[in-house]
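Visitor: Sequence below, structure please.
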Amino acid sequence: MGRNLKTVIKFYQGAYGSTVRIDVQNREWLEYFKDCISHLVEGRSQEFEIDRMDNVEITGFKSLKLVLVQHERYQKISIENNKEDMISFTWFQDIEELITVIGLIDGLLDAKQPGHQYLTEESDNVLIVLAHMEHRPEV
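Guide: This is a model prediction of the structure:
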């Protein structure tokens, strides 16, 4: 599959500070992502590694894991640096927050046009942006 159809997850310093952008170019992957989050809500799993999902290319960091927690946390994302200076992120969400994320994904799926959603708040230590079918500059 060509790079333009892969989901590219990139870490960079954006207008709101540290940003992880999940750039999805096809509907099927977005539905797959939603299903993985639904498995957390339904109790079928406790965590999953977003960077290890099918058809993903990551840039600027080592890993991104989503973890179900029982109660909302003040710090939504933990950041860990390893020996190779590569950053690993763990994103913590409770069931209510995950249901909100599913609703945001549904909004992108229902729109049937390019768009993006902020999955975390500007005030969080890392902003996670989910973009669907937006223009991706060639690198």
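
Visitor: Backbone dihedrals for Phe89, both of them.
Guide: phi -110, psi 140 (degrees, to the nearest 10).

Visitor: residues in contact with Phe11?
Guide: Taking CB atoms under 8 Å, 6 or more residues apart in numbering, we find Phe11 in contact with 18-20, 59-61, 87, 89. Bear in mind the C-beta positions are built from the backbone N, C-alpha and C, glycine included.

Visitor: Please repeat the previous calculation with a cut-off of 6 Å.
Guide: 20, 60-61 (CB atoms under 6 Å, 6 or more residues apart in numbering).

Visitor: Wait, a strand at it?
Guide: Yes: assessed with DSSP: H, G, I helix; E, B strand; the rest coil, Phe11 lies in a strand.

Visitor: how close does it get to Arg73?
Guide: Separation of Phe11 from Arg73 (CB to CB, to the nearest Å) stands at 21 Å.
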